[in-house]
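J.: this is a predicted model, with the sequence first.
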Amino acid sequence: MFLRIIFIGQAPFGKDCLQALLDQGEEIAGVLTVPDRPGQKGPNPVKELALERGLPLLQPARLKEPEAMQWVKNLRPDLLVLAFVTDIVPKAMIDLATYGGINYHPSLLPKYRGGSAMNWAIINGETETGVTIHQIDAGIDTGPIILQQKVAIDPDDTVKSLYFEKLYPLGVQMVAEAVRLIREGKANPVPQDERQASFQPVIKEADVQIDWRQSTQKIYNLIRGSNPHPGAWTTFRGEKLKIWEARPYRAYGNPGTVVEIPGEEGFVIATGDGAILARRVQYGSSPDKTLALQFVANAAIRPGEQVRI
């Protein structure tokens with residue numbers, strides 16, 4: 001049995017998933033990806049691969065647009081495959097495919113539904129997460145589970161390291177595996193246990209302001225869970241200071257006080273039960289992330305100065 005697949009995705013992850021399906025010999029009936037945006041850096045990876053392989057391509061602003069719905073209907077798909085999709089797939093579009101659709105999600109569903117699953121898992125101090133491939137329905141990350149695999153969240157993992165080193169390569173492999181199982185009639189979707197479900201909103205800067213009265217571990221988790229976006233922040237001399245890289249440090253003082261400037265590493269800020277060593281920061285309106293040591297020199301920071309609680 002062959003499946004006529006419509007692939008929906010974006011970014012390098014979407015491209016690699018599409019490539020994995022092509023390498024597996026799947027029949028790609030068409031590709032949906034995001035529109036080109038003015039001033040975007042570099043080509044759209046999914047579009048690039050689709051054009052290279054001569055695949056039918058559409059780039060709607062929203063998947064619910066009548067043009068997108070009719071385009072999908074005309075292609076008579078058996079399966080929709082989603083990889084890095086930030087738009088809602090209309091139920092009417094799902095219903096156009098014989099076997100509906102499947103989606104990659106970077107958490108152990110039903111926990112951490114929503115668009116910032118990796119961020120919140122790290123911020124909340126979880127020690128494991130994973131990849132779930134699930135059927136899509138009218139809800140957000142609520143459909144039955146086809147495949148799921150756990151990975152460890154190491155003590156110093158950031159969202160960046162967790163994604164690119166663990167969840168990204170595993171996800172590419174599992175998307176292809178799920179399609180194979182469906183094609184071979186071996187998929188056995190399992191409904192999600194709603195008693196274990198949690199949903200977290202898309203993370204925003206307002207969610208990641210540092211409260212220096214909290215414990216060192218909580219603050220460290222917040223910094224790790226905000227890298228590479230949106231960046232945990234505080235204020236210093238009236239300007240926003242984002243802390244991108246840090247580590248726990250053994251020192252004590254009034255929370256929010258610069259207590260030490262050790263050697264060549266950066267500067268130390270006291271927390272509710274210890275301290276954090278800031279190692280890479282971004283200050284004020286500067287677009288650049290700089291070594292904290294350089295910031296110390298440029299700003300002439302001295303022990304005893306305060307950052308805002």
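T.: Thanks, I have it.

J.: only alpha carbons, please: show the longest strand anywhere in the chain as PDB.
T.: When the chain is parsed with DSSP state E, its longest strand is strand 239-249. This file holds the C-alpha atoms of strand 239-249, laid out as PDB (Å, rounded to 0.1, in the frame of the first residue of the first chain):
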ATOM      1  CA  GLU A 239      18.200  48.900  31.300                       C
ATOM      2  CA  LYS A 240      17.100  45.300  30.500                       C
ATOM      3  CA  LEU A 241      19.900  42.800  31.100                       C
ATOM      4  CA  LYS A 242      19.300  39.300  29.500                       C
ATOM      5  CA  ILE A 243      21.400  36.500  30.900                       C
ATOM      6  CA  TRP A 244      21.900  33.800  28.200                       C
ATOM      7  CA  GLU A 245      24.500  31.600  29.900                       C
ATOM      8  CA  ALA A 246      25.200  31.100  33.500                       C
ATOM      9  CA  ARG A 247      26.000  28.500  36.200                       C
ATOM     10  CA  PRO A 248      25.300  28.100  39.900                       C
ATOM     11  CA  TYR A 249      28.000  29.600  42.100                       C
END
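
J.: ok, whichever helix or strand comes after it: who's next to it in the sheet?
T.: The helix or strand immediately downstream of strand 239-249 is strand 258-260, counting by DSSP states H and E. Partners of strand 258-260 in the sheet, by DSSP bridges, are strand 267-270 (antiparallel).

J.: quick check: closest non-adjacent residue to residue 3.
T.: Closest residue in space to residue 3, ignoring its immediate chain neighbours: residue 78 at 4.3 Å, by C-beta to C-beta, 6 or more residues apart in numbering. Every C-beta, even on glycine, is put in place using the N, C-alpha and C of the backbone.

J.: what do you get for residue 45?
T.: Spatial nearest neighbour of residue 45, excluding adjacent residues (C-beta to C-beta, 6+ apart): residue 15 at 3.7 Å.

J.: before we move on, what about residue 289?
T.: Nearest to residue 289 is residue 282, by C-beta to C-beta, 6+ apart, at 4.9 Å.

J.: do I have it right that the one you found meets residue 234?
T.: No: Residue 282 is not in contact with residue 234 according to C-beta atoms under 8 Å; the separation is 11.6 Å.
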